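*Asks:* sequence first, predicted model second:
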Amino acid sequence: MNQFMQSPPSPNIVMVMADDVTPAYHGCYGGPTPTPHIDRLSREGIRFNCAHAVAPLCNPSRYSVFTGCYPGRAAAASEGCTPEEPYSITQNADLFPETPTLAKHLRAAGYFTGHVGKWHSNFSAAGDQEWSRDLGRDADLDDPEVDALLRKRQEIHQDVVRRCAGFEWVGAVNWGNLMGDRPRRLRHHNPAWMTDAALGFLDAARESERPFYLHLANTVPHGPDPDRSLGADHRYTFSGRQENAPASHPHDSTVFERLRAAGLQNSGPIAGINAGMIQIDDQIGALISALEARGELDNTLFLYTADHGIHGKGTCYLGGYHMPLVMRLPGVIKPGRVSDEPVSHVDLMPTLCELAGAPVPQDALCDGLSYLSLLRGQAGSPRSFTYQEMGVGRAVTQGAWRYIDFHYPRSVIARMEFGELDIPPSLQAYTEGPFCDYNFINKPHYFDPCQLYCLDDDPFERHNRAHDPACAEILGQMRELLRSVTRTLPGPYAHDVPAFMRSLKYRRMVEKRRLQVSRKSFYPSGFDQEKIFNLNLPDPLQMDAAIG
């Protein structure tokens with residue numbers, strides 16, 4: 001029998017997730033960032049070139065990974081959504097104790113399950129007691145009372161993860177993003193702290209004598225820029241002050257050394273992303289070494305991905321959805337494979353459950369499709385296109401084509417018609433502010449109700465072909481693909497363009513907003529931040545030569 005046709009019994013699963021990164025920040029995808037351990041996973045396994053998130057924000061994206069469902073299923077039931085209007089995807093796709101999840105399915109099948117790192121999937125479940133309030137930026141973390149409070153918080157946060165996501169073992173929980181009114185000594189990334197906890201989980205898994213599933217969610221390379229965290233005192237953690245600094249990673253100073261050796265910048269936002277990726281690669285290297293020492297590496301599906309991309313985050317544009325995805329499992333995945341087949345975050349749950357022999361309950365909703373046969377080399381992807389949603393925007397991607405539907409709810413249109421709003425609000429993005437403005441600068445058709453792009457000659461989605469007569473047939477096909485998904489989801493979604501969004505008044509409102517945005521200075525004149533960030537260009541001054 002072909003050795004790649006038969007999976008080993010009960011393989012372990014390790015999933016490492018980056019926070020906000022595109023494929024260009026990985027050596028195996030042709031980027032300049034030194035990521036030798038991720039490159040090894042790709043070289044000895046499979047690399048996906050068309051892996052897409054469902055929603056380019058932390059909360060809804062993680063919901064789709066945990067549940068195999070489109071986040072709209074949770075958003076439609078969230079506070080503020082009404083049955084008369086389409087649901088809006090924001091940070092509103094929470095997990096609850098009754099939510100079916102990957103960890104719950106695997107645990108029911110006998111797996112020892114563990115979560116380490118960032119949690120962004122339900123903050124309200126922790127309650128609103130005194131212990132939950134911000135300590136303030138100047139809190140003294142050496143104060144025994146403050147330290148005890150941090151330890152208490154960590155216990156309660158771990159309990160939330162256990163109850164809502166269903167993990168049996170939980171450690172080193174980072175409650176959301178490193179922002180807000182947090183103590184200064186905790187406003188730094190600490191991936192080595194998470195790695196130490198992950199290694200502790202592997203020890204516990206060995207003692208359990210059960211197959212295991214580890215979910216390791218990083219805070220890097222999400223802001224604040226990870227390069228600014230290098231050199232911080234990593235003894236200070238959300239579990240209180242540790243006696244010793246984490247020891248599972250090379251010293252922080254080596255990150256700068258590796259940036260310089262690769263010819264990459266040592267400061268600035270792109271340096272921050274590259275520094276964060278080097279730290280994730282160190283983390284993966286530590287896990288690989290630990291699994292090799294235990295003799296478990298070759299019976300472990302090692303999966304690396306990200307929650308979503310960088311530029312395009314919070315919108316319906318592809319930069320926010322295109323993500324790295326590599327997997328390694330000898331005996332199932334033939335080494336050195338590269339797949340251009342489309343796969344989605346919602347497909348991870350059913351794929352991993354099928355691999356583990358963990359049946360998904362019949363009453364559990366699942367929008368994902370297992371692509372285990374693709375991993376085994378027996379078939380292609382079970383899907384021909386992927387679906388995305390953000391705010392009230394909806395999109396589909398098939399091959400070289402992308403279609404975006406963006407229609408305001410009737411209540412918002414009424415406010416524009418009667419003068420309550422004098423510019424169109426950003427309902428494609430989840431909130432007003434930088435997500436809208438940064439993208440509006442580079443997306444001339446941001447407020448168009450129907451958008452069609454050919455990625456072959458327009459990879460940054462700047463030339464809307466929806467009104468090109470030559471594209472009428474493909475436009476109809478893409479719109480029907482979108483309808484095939486939206487008709488299965490909760491609530492109404494009207495695909496017909498509202499009359500007001502075709503009016504001269506609406507176009508003038510869009511131009512007024514464009515004028516307002518053009519007066520804001522985010523970057524120097526001529527600095528195309530979308531291309532710089534998504535292509536990981538090492539020297540912005542060489543942008544024109546590098547892009548062509």
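*Replies:* All right, it came through fine. What you are looking at is a predicted structure, and each value in this text was computed from that prediction instead of being measured.
*Asks:* what stretches of the protein score poorly on pLDDT?
*Replies:* Residues of the chain meeting the criterion pLDDT under 70: 1-9, 127-134, 429-435, 519-527, 537-548.
*Asks:* next one: the helix of greatest length in the chain to chain centre, how far?
*Replies:* Scanning the chain for the helix with the most residues, using DSSP state H, yields helix 269-293. On the basis of CA atoms, centre = their mean, to the nearest Å, helix 269-293 is displaced by 17 Å from the centre of the chain it belongs to.
*Asks:* for residue 71, give me its contacts.
*Replies:* With contacts defined as CB atoms under 8 Å, 6 or more residues apart in numbering, residue 71 is in contact with 54, 55, 59, 60, 61, 63, 64, 89, 93, 389. Yep, even glycine has a C-beta here, placed from its N, CA and C like the rest.
*Asks:* need these in TSV (columns: distance to residue 246).
*Replies:* Below are these laid out as TSV (distance: CB to CB, whole Å):
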residue	distance to residue 246
54	33
55	32
59	27
60	31
61	27
63	29
64	30
89	35
93	31
389	38
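*Asks:* now intersect these with the helices, please.
*Replies:* 59, 60, 61, 63, 64.
*Asks:* burial measure for the last one, as a count.
*Replies:* By the measure other CB atoms under 10 Å, the count of residues near residue 64 is 28.
*Asks:* wait, isn't it in contact with residue 347?
*Replies:* No - with contact defined as CB atoms under 8 Å, residue 64 does not reach residue 347; the gap is 9.3 Å.
*Asks:* shared neighbours of the two, which are they?
*Replies:* residue 368.
*Asks:* if we take the ones in helices among the contacts of residue 71, which one ends up nearest to residue 352?
*Replies:* residue 64 (13.3 Å; CB to CB).
*Asks:* please identify the helix or strand for the closest residue to residue 463 other than its chain neighbours.
*Replies:* Once flanking residues are discounted, residue 463 sits nearest to residue 453: 7.0 Å by CB to CB, 6 or more residues apart in numbering. Using DSSP states H and E, residue 453 sits in strand 450-454.
*Asks:* mind exporting the C-alpha coordinates of that strand to CSV?
*Replies:* C-alpha atoms of strand 450-454 as CSV (Å, rounded to 0.1, in the frame of the first residue of the first chain):
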residue,chain,number,x,y,z
CYS,A,450,-20.8,46.2,-6.6
GLN,A,451,-17.1,45.5,-7.1
LEU,A,452,-15.4,43.0,-9.5
TYR,A,453,-11.6,42.6,-9.7
CYS,A,454,-9.3,40.5,-11.8
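*Asks:* which elements pack onto that strand?
*Replies:* Judged by 3 or more CB pairs under 8 Å, 6 or more residues apart in numbering; DSSP states H and E, the packing partners of strand 450-454 are strand 401-406, helix 472-486.
*Asks:* now the next helix or strand after the shortest one: buried residues?
*Replies:* Think strand 401-406. Toward the C-terminus, strand 401-406 is succeeded by helix 410-417 as the next helix or strand (DSSP H and E). The neighbour-count check on helix 410-417 (16 or more other CB atoms under 10 Å) flags 412, 413, 416 as buried.
*Asks:* and the top strand by length along the chain with helix 269-293, angle?
*Replies:* Ranked by number of residues, the top strand in the chain under DSSP state E is strand 212-221. For strand 212-221 against helix 269-293, the angle by axes from the mean of the first three to the mean of the last three CA atoms, to 10 degrees is 160 degrees.
*Asks:* how far away is the closest residue to residue 184 other than its chain neighbours from residue 182?
*Replies:* Leaving out its chain neighbours, the residue that sits closest to residue 184 by CB to CB, 6+ apart is residue 137, at 5.2 Å. Per CB to CB, to the nearest Å, residue 137 is found 7 Å from residue 182.
*Asks:* quick one, which of those two is more surrounded?
*Replies:* Set side by side, residue 137 and residue 182 show more neighbours around residue 182, with 19 against 13, by other CB under 10 Å.
*Asks:* that one contacts residue 135, doesn't it?
*Replies:* Yes - counting by CB under 8 Å, residue 182 touches residue 135, with 7.3 Å between them.
*Asks:* buried residues in stretch 33-43?
*Replies:* Of the residues in stretch 33-43, 33, 34, 35, 37, 38, 39, 40, 41, 42 count as buried by neighbour count, 16+ other CB under 10 Å.
*Asks:* of those, which is the nearest to residue 309?
*Replies:* For these, the closest approach to residue 309 (CB to CB) belongs to residue 33, at 14.9 Å.
*Asks:* next up, the contacts around the closest one.
*Replies:* Residue 33 touches 25, 26, 27, 262, 264, 274, 277, 278, 536, counting by CB under 8 Å, 6+ apart.
*Asks:* in PyMOL, how would I select the buried members of those residues?
*Replies:* To isolate the buried subset of those in PyMOL, counting by 16+ other CB under 10 Å, use the following:
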select buried, resi 25+26+27+264+274+277+278+536
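*Asks:* could you dump the contacts of residue 33 into CSV with distance to residue 292 added?
*Replies:* Output for the contacts of residue 33, formatted as CSV (distance: CB to CB, whole Å):
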residue, distance to residue 292
25, 25
26, 22
27, 21
262, 26
264, 29
274, 27
277, 22
278, 21
536, 30
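*Asks:* what's the closest of the contacts of residue 33 to residue 221?
*Replies:* residue 277 (5.9 Å).
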